[in-house]
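Enquirer: Prediction below, plus the sequence it came from.
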Amino acid sequence: MFKIIDIFSGWINEKGLIEPPEKYWNFFDWSYGLNNIDYNGKITSLLNFFYISAVKDCFELVGEAEIRVEKEKYLKLLENVKIGTEKYLKHGNYFIDSAGGISSQLAHALVFLTGEYEDDIILKALLDKDLLIPEFFFHIFIFEALTKLGKADEVLKRIRKYWGKNVMTGTPTIWEAGIHAEGKKAFREAGSLCHGFARVPIDFLQTTILGIYPLKAGFKEFKSDNRSFINNFQ
């Protein structure tokens, strides 16, 4: 894992931002392509936020495995990336996806989930309808952030609005795209009509609605939250 992290670390420029080589596909979510937005060869806040979260997750995993890493080296890199994103990829109160580019809800969900930023503007951004929202798959980050911010009711509203439209067609499967394009109409009439990545609401329905949380891999241990949210979501 740290070999992969080191590849991205080697792309950190003098501004403290990860600058991927132009030859690579800098892909995040289909919401961008479906709105004619291309981040190839561009520095993005999205990749930098993913980097921060990935390094911190690796710290947690190697800690459990009792593997030694040069933690101080990576902590310094994280600090540089954090400073860089805040200095160069923040416009007013909102973060922007890329210099001169748009601001998205996804960027604000990712910055919140890094655990490195304390900013009241995050929730406002996640509820701002003028900011680009991701397609089905990357809503996993939106749902996680909104739930942690005490806005589980907003998550359920989105499930009913977007996934509900999918279900109401009578199809037995979940599409790859259902927000910026619907079903087969996406990707020049090549949209997948059965896409496992799009089953994002399952985690929310299991943990927040049903109240079942895994404590160990494979549900060897789990906890049940006896508080019922169902009546609040009618």
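Expert: In hand now; what should we look at?
Enquirer: Without its sequence neighbours, what residue ends up closest to the residue nearest the centre of the chain?
Expert: In the chain, the residue lying closest to the centroid (C-alpha atoms, centre = their mean) is residue 141, at 3.4 Å. What sits nearest to residue 141 in space, not counting adjacent residues and going by C-beta to C-beta, 6 or more residues apart in numbering, is residue 109, at 4.2 Å. No exception for glycine: its C-beta is placed from N, CA and C like everyone else's.
Enquirer: check contacts around the residue nearest to residue 71 when sequence neighbours are not counted.
Expert: Of all residues not flanking residue 71 in the chain, residue 59 sits nearest, at 6.7 Å (C-beta to C-beta, 6+ apart). By C-beta atoms under 8 Å, 6 or more residues apart in numbering, the contact set of residue 59 is 69, 71, 74.
Enquirer: Neighbour count added to those, as TSV?
Expert: Formatted as TSV, those follow (neighbours: other C-beta atoms under 10 Å):
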residue	neighbour count
69	15
71	12
74	18
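Enquirer: Just give me the neighbour total for residue 206.
Expert: Neighbours of residue 206 under the rule other C-beta atoms under 10 Å: 13.
Enquirer: Also residue 50?
Expert: 18.
Enquirer: how far away is it from residue 89?
Expert: Distance, residue 50 to residue 89, using C-beta to C-beta, to the nearest Å: 13 Å.
Enquirer: what about the spatially closest residue to residue 19 that is not a sequence neighbour, neighbour count?
Expert: Counting by C-beta to C-beta, 6+ apart, the nearest residue to residue 19 once its immediate chain neighbours are dropped is residue 13, at 4.6 Å. Look at residue 13: counted by other C-beta under 10 Å, it has 11 neighbours.
Enquirer: In the protein, which helix is the longest?
Expert: Counting residues, the longest helix found in the chain (DSSP state H) is helix 45-65.
Enquirer: List the buried residues of that one.
Expert: Neighbour-count burial for helix 45-65 flags 45-53, 55-56, 58 (criterion: 16 or more other C-beta atoms under 10 Å).
Enquirer: and the next element down the chain from that helix?
Expert: helix 71-88 (DSSP states H and E).
Enquirer: Which secondary structure elements does that next one sit against?
Expert: Packed against helix 71-88 by the contact rule (3 or more C-beta pairs under 8 Å, 6 or more residues apart in numbering; DSSP states H and E) you find helix 2-9, helix 45-65.
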